[in-house]
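Asker: here is my input, please return the structure:
(chains A and B)
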Amino acid sequence: MPELFIDGIRYEYEGSPKLLQFILDNGKEVPFFCYHPSMSAPANCRQCYVKVGMPVKDRETGEYELDENGERVIRWFPKMQTSCSLDITDGMVVHTQETSEEVARAQKDTMELILINHPLDCPICDQAGECPLQIQTYKYGPEGSRFEVKKVHKPKRVELGPRVTLDAERCINCTRCVRFTEEISETFQLTIASRGDKNYPITAPGKPFDDPYSVNTVDICPVGALTSTDFRFKARVWEMNQTPSIDITGGKGTNVDLWTRDNLVLRITPRYNAEVNDHWMPDAGREAYQRFNEKRISRPSIKIDGDNQVKTSWNNAIETFAETLEGNKPSDVVVIGSPHASVEENYSVMKFFSTWGVNNFHFAPHIEKGFGDDFLLTDDQAPNTNGVKALGIDESSDLNAAIKSAKVVVILSDELIDRGAIDASSLKGKYTVLLATNESQTSAAADLVIPVTCIAEHAASYVNVDGRVQRSFPAKETKYSNRKLNLEMSEGRLDRHGTYFDNWVTEENKIDCIPAWEVVSKLASRMGLDIAFDNSREIFEEVSSSVPLFKGINYERMDEENGVQLTGNSKEEVTA
Amino acid sequence: MSDWKSYTPVLIPDIPNLHEINVYVKNGGYESLKKVLSKDWTPESVVNEVKAANIRGRGGAGFNAGLKWSFMPKPDGGPRYLACNGDESEPGTFKDRKIFEYNPHLFIEGALIAAYAMQVTTIYVYIRGEYRSWILMMEKALKDAYEKGFIGKNILGSDFSVEFHVTGGAGAYICGEETSMLESLEGKRGYPRVKPPFPAQKGLWGRPTTINNIETLACVPLVIERGADWFSGVGAPTHPGPVLYGISGHVNRPGVYELPTGMPVLQLIDEVAGGMRNGKKLKGLIPGGSSTPILRGDSLEGVNMDADSLREAGSMMGTAGMIVMDEDTDMVEMLWRIAYFYHHESCGQCTPCREGTGWLEKILLKIKNGEGEIRDLDLLLDLTTQMEGRTICALADAAAWPVRHTINRFRDEFEARCKQSTFALA
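Answerer: This is a model prediction of the structure:
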């Protein structure tokens, strides 16, 4: 196997990797700015310099020439090389800044030059704390600056588009954003204008940067030049906690991170998953954070005196629910599952009602034709359509007909009236129970509304359009404390739990809701049915042992493999 | 060369209206093309002849043109390109436009021979945008050559076909760098490309491409007509051939002079260019365009205009665009102006050049205004090492060299311009 030596350590490699990527993959570090693993390497920041040499081979025998100590004779490249653009070849010898004074000096020199025209306004810059320029200046930069003349001034606070703001003075011209629009989103909306130290990225005159993936440029910007218009000045990155999750606005199941502070989700950023979304996410998914904070249903509500909906206690809500069911025959009840809810929620609700005797289960896929592209946007507007299908719930094109003869309609977390899957008039004369996360026309029409946790508050799994099951983690707490739920919280969260540095210090933003499976458990206990779900992990294990498509899958595997592809008898079965 | 007056120009011969195709043909034009398209010459033999002639690239780098041609991969049926570099934007350089103006068909013929040698399918000539009139002249010359059947399908009845296009630049010095010229030809922003891959492997639109200077290609028909031995016998043995000296600055008769390489520098200034203006003393000479290191006027004895002699003297041949400066020249002002040029022309792709050129210029401005300090000179020299060899193309080198060498060779003048130290030494 071909070999190379980095800082005196021998490595073997396969294929034809670029040197920088190979160094990073092997847990070593070389500073860089312009390079991005998913895009071309323009080698323009000149930060990833390394010293490279090749062993001298005897022309006739093809053997390596050895010096008097028996070491290979190395012919060094006359200039240092940018490791991002350099192909590894067999026998290559590399010195990084760790073993070469020359390389360390070159990197420091480049850092000094990058910083001379940079405003160094970290205290008021949104990027501070997650800024590669800041981090690398601390690690590899010079102690001070010898720059004593006037800095270049460029446009600031430029509204590039509806979601991205540009500060051209902070820009270090790495061209990542330009390459993103050329190579990834392919809208070609950005280019570099002007020349030399006056240049900066901009759109064509009069054209907005309205790329449906525009905010990804904010994520990849290695400085604070591009900032999210929505998020800027809202929070410092070190004040927030980062929790892995799934995008709920589309069927692609884009992997995301939820950034929370004081039980509010403040922003959503993409999380790398080579199988699903690479490093990217559509802008639409980022706006979903508002759903987790605003217009949440907190405490159950019940309709009294006609259409007057009032808050009520949990006991009363469960009691009313149970009495309503007991006052009707199972055959008079229709249960509507939801592609917007997780596998666990759909399963637990279905399990309860089928045990009680209901056999009328439906759901309506949430499709908007023409919304998708061939990248990360899908016609499917719900994160779990395939998960509901895999559980065997009937897909119904006309829910109005399906509920016509029912006396009680139970709806799981789906804004059916708002999205036109059901007419408000169809619910007239029926008793409607809605398990919901947010206020909507549907919740206003329901007779009993029971608040349930949203994806930011529970651990649950979702199956995307390609039949890949992935799961979420609780990112914020609910009013009601649940040890099992809290155990699923990320490590960083647990470390701070209850301490002075805990970002969940106030009760203000906690929602009074419980997971759907808790609702079902309470109801079962009240009605004397032998169903009790403790936590979603157990529910998924039950799903895995009873539903063939989920066989052999559990949370551990999902965490380890970053989501697991369902394996059915055919692709159609998996993604039907 | 003592009898330089007896030299007969061959690149720009003294023939009236030579730019007209009929005059050119009457004077033996396109005969070399006919010769190589006849049965006796294969593409390989043309390449070998040119390689043997040792035409060293006239664009500045001085690389053997025939050797460069031999880097082209074997034809695979796809398009191959020859890109002729007439961007000529280096301050002090104005030779190629004389070819466009007075002998365009010599260049066209040379490009066609080169195209045949490398089995090229399309030729582009890239002319700097400011040369508007010369672009029009080239367009006229190409149109005439198309009409006479020297360009196009089955040239002169052979099975060799080639297309030939003129493209104008848009005012960027960087587009004279070969790979950013390719970007510009493709209609993109003129950013130099990372090498490897070299243009011979992946050039225009990812296809094999060779880039040659206009003057280099104009030498080619002469090599074919008179033989490699004749060419390599003219001028300096290691850097042979006729060359266009573009002499500007404080001389009595500035202009473009065609003479063999290896001419003594002082002879070029004193005799060819008519001596120093107003009888002033020679203070400095930039031998080959603004990026080549300046030489002190008192160190020019025995220095000849060829690569080896100039390297020994501490400079380079470049484009042979000589800038002559007399004793009244303010070296600080001159260097600031050169730094200003590179600051203005840096494309801004690589950090050391984008930031470094601006920094150099600003410090020099400070010194020029009498606000500099001695330590600024050391900072300037430090910066040149931070820039040199650390960028994709050679513009950072071109910006760093004049600064380093002008300061080193005229340091007293720079120190005199700086503020005196406030800390008196006992």
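Asker: helix, strand or coil for the residue nearest to B:Thr122 when sequence neighbours are not counted?
Answerer: Closest residue in space to B:Thr122, ignoring its immediate chain neighbours: B:Glu163 at 4.7 Å, by CB to CB, 6 or more residues apart in numbering or on different chains. All C-beta atoms are positioned from the backbone trio N, CA, C, and that covers glycine. Recorded secondary structure, B:Glu163: strand (DSSP: H, G, I helix; E, B strand; the rest coil).
Asker: any idea how chain A splits into domains?
Answerer: Split into domains by automatic domain parsing, chain A comes to A:3-112, A:117-228, A:301-575.
Asker: how far does the second one stretch from start to finish?
Answerer: With CA to CA, to the nearest Å as the measure, domain A:117-228 spans 23 Å from end to end.
Asker: roughly how far out does it sit from the chain middle?
Answerer: How far domain A:117-228 lies from its chain's middle: 23 Å, per CA atoms, centre = their mean, to the nearest Å.
Asker: avg pLDDT for it?
Answerer: For domain A:117-228, mean pLDDT rounds to 95.
Asker: would you map the strands across the stretch 301-426 of chain B?
Answerer: Taking DSSP state E, counting those that start in this stretch as the criterion, the stretch 301-426 of chain B carries its strands at B:321-326.
Asker: which parts of it sit against chain A?
Answerer: Residues of the stretch 301-426 of chain B lying close to chain A by CB under 8 Å from any CB of the partner chain are B:343-352, B:354-359, B:362-363, B:365-366, B:379, B:386, B:389-392.
Asker: ChimeraX command to pick out the buried ones of these?
Answerer: Filtering these down to the buried ones (16 or more other CB atoms under 10 Å in any protein chain shown) takes a single ChimeraX command:
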select /B:343,345,346,347,348,349,350,351,352,354,355,356,357,358,359,362,363,365,366,379,386,390,391,392
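Asker: in helices, which of the residues of the stretch 301-426 of chain B next to chain A fall?
Answerer: Judged by DSSP state H, these include B:343-345, B:351-352, B:354-359, B:362-363, B:365-366, B:379, B:386 as members of helices.
Asker: spit out the contact partners of the residue nearest to A:Ser348 when sequence neighbours are not counted.
Answerer: Spatial nearest neighbour of A:Ser348, excluding adjacent residues (CB to CB, 6+ apart): A:Trp517 at 3.9 Å. By CB atoms under 8 Å, 6 or more residues apart in numbering or on different chains, the contact set of A:Trp517 is A:Glu344, A:Glu345, A:Ser348, A:Phe533, A:Asn535, A:Ser536, A:Ile539.
Asker: and for A:Pro42, the neighbour number?
Answerer: 23 (other CB atoms under 10 Å in any protein chain shown).
Asker: should've said A:Ala41
Answerer: Residues contacting A:Ala41 under the criterion other CB under 10 Å number 21.
Asker: what's the answer for the one 4 residues further on, then?
Answerer: By other CB under 10 Å, 25 other residues sit near A:Cys45.
Asker: can you tell me the SS state at it?
Answerer: At A:Cys45 the chain is in coil, as set by three-state DSSP.
Asker: how near is it to chain B?
Answerer: Separation of A:Cys45 from chain B (CB to the nearest CB, to the nearest Å): 6 Å.
Asker: what about the chain, any weak spots by pLDDT?
Answerer: All of this is about chain A. Chain A contains residues with pLDDT under 70 at A:481-486, A:490-505, A:568-576.
Asker: hmm, no, I was thinking of chain B.
Answerer: Scanning chain B for pLDDT under 70 picks out B:1-2, B:421-426.
Asker: walk me through the domains of it.
Answerer: Per the record, chain B has its domains at B:12-233, B:235-326, B:331-417, by automatic domain parsing.
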